[in-house]
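>>> sequence and computational prediction follow.
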Amino acid sequence: MHKSVDLFFVSSNNHKYLEAKEILDSFGIKLGFFKSNLEEIQSNSLKDIASKKAIDAFSKCKKPLIIEDAGLFIDSLYGFPGPYSSYVFKTIGNKGILNLLKQKRKAKFISIITYCDKNFLESFNSKLDGSISKYSKGKGWGYDPIFVPKNFTKTFAELKNKNELSHRFKALKKFSNWYLHKMESYDQ
Ligand code: IMP
């Protein structure tokens, strides 16, 4: 039987889903969207947050799924906003971040993708180095208008190929290798 969906992306963030879908499509994995607000524990570890989120997601969706926890880490702010990126974006936003920074602008995005089904709970992480631009540039969601990946001059919001190089792409690529291998061994 031809399945229309291989697994679900559980999140309240439509932008993240659309990016993850395009990326996983390119690896031959069909991703459905299960929209849900997930419980987010307070922790300094993205991996712990992601694992708890995935277990909460599985209790709601009850199908093989992935969730993502991501964060922006700014070197000169000792890793802030890090695991609090979502809250910081909703409060001080990009303008607030730009106001906090002086000369040193190095930053990185980290993404953790966690897969959960009734037998497995597996996480895949990746980071992408870059810097914070002086001004907000381009139209994009979240921190896209202020994040410039290393070796580029444009922000994520200005780049056409974000999905070929992002932190999300790198974590999903690791996940896909594992997932496709797992499915192959189940088929035999
Ligand atoms: P969370 O994984 O939903 O907790 O995401 C943390 C926050 O980081 C999001 O609300 C966004 O503001 C931001 N964020 C994560 N990934 C990206 C991205 O690819 N572009 C822009 N902002 C991002």
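Everything's here; your move. Just so you know, these numbers come straight off a predicted model, no measurement behind them.

>>> Y115: what secondary structure?
When classified by DSSP: H, G, I helix; E, B strand; the rest coil, Y115 comes out as strand.

>>> export stretch 137-152 to CSV, keeping only CA atoms.
Once non-C-alpha atoms are left out, stretch 137-152 reads as follows in CSV (Å, rounded to 0.1, in the frame of the first residue of the first chain):
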residue,chain,number,x,y,z
LYS,A,137,17.3,42.3,6.7
GLY,A,138,14.8,40.4,4.6
LYS,A,139,11.4,39.0,5.4
GLY,A,140,11.4,35.7,7.3
TRP,A,141,10.2,34.1,10.5
GLY,A,142,11.8,34.2,13.9
TYR,A,143,15.5,35.1,13.9
ASP,A,144,15.9,34.6,10.1
PRO,A,145,16.2,38.4,9.4
ILE,A,146,19.2,38.8,11.8
PHE,A,147,21.1,35.5,11.4
VAL,A,148,23.9,35.4,8.8
PRO,A,149,25.4,31.8,8.3
LYS,A,150,29.2,31.6,8.3
ASN,A,151,30.8,32.2,4.8
PHE,A,152,27.6,34.1,3.7
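
>>> so which residues of this structure form strands?
Per DSSP state E, the chain carries strands over the ranges 7-11, 31-35, 65-74, 81-82, 106-116, 121-132, 147-149.

>>> now these as JSON lines including mean neighbour count and mean pLDDT?
Any C-beta I mention is one placed from the backbone N, CA and C, and that applies to glycine too. Below are the strands of the chain laid out as JSON lines (neighbours: other Cβ atoms under 10 Å; pLDDT from 0 to 100):
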{"stretch": "strand 7-11", "mean neighbour count": "23", "mean pLDDT": "97"}
{"stretch": "strand 31-35", "mean neighbour count": "17", "mean pLDDT": "97"}
{"stretch": "strand 65-74", "mean neighbour count": "24", "mean pLDDT": "96"}
{"stretch": "strand 81-82", "mean neighbour count": "18", "mean pLDDT": "94"}
{"stretch": "strand 106-116", "mean neighbour count": "23", "mean pLDDT": "97"}
{"stretch": "strand 121-132", "mean neighbour count": "18", "mean pLDDT": "97"}
{"stretch": "strand 147-149", "mean neighbour count": "23", "mean pLDDT": "98"}
